[in-house]
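Student: sequence isn't available, so here's the structure alone:
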RNA sequence: GCACCCGUAGCUCAGCUGGAUAGAGUACCUGACUACGAAUCAGGGGGUCGCACGUUCGAAUCGUGCCGGGUGCACCA
């Protein structure tokens, strides 16, 4: 996986965590694109790398995947097949290589997901929809509702594709559900379009009884939203809502200098490189400090910095500080268990800095509700930063005004109230970071 | 041409189920460490919330139109 994919994975995982926290029963699914012609391309590309592993010059022609990530696949193929596939026709090896390559890609993806702390409940294979009657079943469902027909599409407005010609195709009447045009489910050669298995996948989800669906996609799939929503509405008789979250690109920087990622040459910055350098916590948090549909700048240098420039440390530091105070209070002979703190007299909190922290804390349930309802986990990240900020301000006040220190040796009741307050801060931070999948460190030395 | 997303401080962005003087980071300037962790904090300057209408007691937030930027646009995934 390259870092672009990561954002979707982190976003989806954090959203799932958020919904779980809000009381939903969530299933995280990964849809494996292991069907269709793209896998043929993958297999052919891997074959060239296999030849390369034998010292032959790979012929990575236009249309194949040029990325370096297939080099190990070629080597693994050499390991398994020796030279038995060299100069053999495609018919001999294509099927085997399809499976071999997708398996290896998926292993790699699973490893990457684990490295970033993402655990999927279900890996759903697109391939499993072909030849099993599932696509047919989904389309039959639509057909029974009168939403499938043979027809010819209007040419697209604006500039016409050069090889445009009117063709009769099998179409889904997605305009019935708000789409701009009806969409083909079969290609002119009789094969399924990519849209057909996608319909079948969503149908399968509906059949499995989910009452709410969320897709996380790259922003370049924006044009696909209406038709998919139309399909799910049709399949579920408008009973199952589908929300589609589009994640924008991640731009990598190092000290403000853009990091070149040539997609054509396949030179991606890999997720594992990023995680190795900055760690999963930082990677995740930074990915969530932007709205999902806004582009994200990811600066390595800042991600490595352990300062206010780096929001993760700022938040974690607040959490660590609270724990430090709790320890100090214990050493000072105060009983600071949660049970003891429940008895604290909170009316003793009346300094503006204390009250503003109380206020911020009071926003937490409401914020959770909005974040969950709008499917926007970034709100949690921003909130945690603000909460940490208010906390840091209050703690620092103790340096300027000693009577504002949390622990007042001469006044246990006051101390208890303040410690109850900051303990609440720690609880919220731990919960919030937990939702985002970031470790709430107790100390950061 | 059509659809979707975006346009808020010099820069990067929050805020948008309508509500009080529009927030943060960064940058720039000035300050605070014998004491709960200075990986921190305080203060200062800096904004016609793209533009214009409209709905409303009230609009950055909702609606319409326009301007500017991004993405996508038969049969490829």
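Tutor: Yep, it's here. The shown structure was predicted, so the numbers you read here are calculated from the model rather than taken from an experiment. Numbers count the residues shown, from 1 in each chain, chains lettered A, B, ... in the order given.
Student: for the rest of this, base every contact and every neighbour count on C-alpha atoms.
Tutor: Noted.
Student: tell me what residue A:31 is bridged to.
Tutor: Beta-bridge partners recorded for residue A:31 (DSSP bridges): residue A:124.
Student: so it versus RNA strand B, what's the distance?
Tutor: Separation of residue A:31 from RNA strand B (Cα to the nearest atom of the strand, to the nearest Å): 11 Å.
Student: burial check on residue A:128, number of neighbours?
Tutor: As a burial measure, residue A:128 scores 16 neighbours (other Cα atoms under 10 Å).
Student: what do you get for the one 4 residues further on?
Tutor: Neighbour count of residue A:132, defined by other Cα under 10 Å: 10.
Student: for it, helix, strand, or coil?
Tutor: coil (DSSP: H, G, I helix; E, B strand; the rest coil).
Student: do residue A:339 as well
Tutor: Per three-state DSSP, residue A:339 ends up helix.
Student: so it versus residue A:409, what's the distance?
Tutor: Counting by Cα to Cα, to the nearest Å, the gap from residue A:339 to residue A:409 is 21 Å.
Student: more neighbours, these two?
Tutor: Each of residue A:339 and residue A:409 has its neighbours counted (other Cα under 10 Å); residue A:409 has more, 14 against 9.
Student: residues contacting the more buried one?
Tutor: By Cα atoms under 8 Å, 6 or more residues apart in numbering, residue A:409 lies in contact with A:332, A:415.
Student: which pLDDT does the model give it?
Tutor: Looking at residue A:409, its pLDDT is 88.
Student: where does it sit, in terms of helix or strand?
Tutor: Assigned by DSSP states H and E, residue A:409 belongs to no helix or strand.
Student: identify each buried residue in stretch A:372-387, please.
Tutor: Buried residues in stretch A:372-387, defined by neighbour count with 16 or more other Cα atoms under 10 Å: A:372, A:375, A:376, A:377, A:378, A:379, A:380, A:381, A:383, A:384, A:385, A:387.
Student: whoops, I mixed them up, stretch A:273-281
Tutor: Within stretch A:273-281, the residues that qualify as buried are A:274, A:275, A:278, A:279, A:280, A:281, counting by 16+ other Cα under 10 Å.
Student: for residue A:202, see how far away the nearest residue to residue A:292 once chain neighbours are set aside is.
Tutor: Nearest residue to residue A:292 in three dimensions, chain neighbours excluded: residue A:247, at 4.9 Å (Cα to Cα, 6 or more residues apart in numbering). Separation of residue A:247 from residue A:202 (Cα to Cα) stands at 20 Å.
Student: what lies in contact with stretch A:366-375?
Tutor: With Cα under 8 Å, 6+ apart as the test, stretch A:366-375 has contacts from A:15, A:18, A:19, A:22, A:377, A:378, A:379, A:380.
Student: in chain A, which residue is closest to the centre?
Tutor: Per Cα atoms, centre = their mean, the C-alpha nearest to the average position across chain A is that of residue A:9, at 2.5 Å.
Student: so where does that one fall, helix or strand?
Tutor: helix A:3-21.
Student: what's the answer for residue A:253, then?
Tutor: strand A:250-254.
Student: now that strand: buried residues?
Tutor: A:250, A:251, A:252, A:253.
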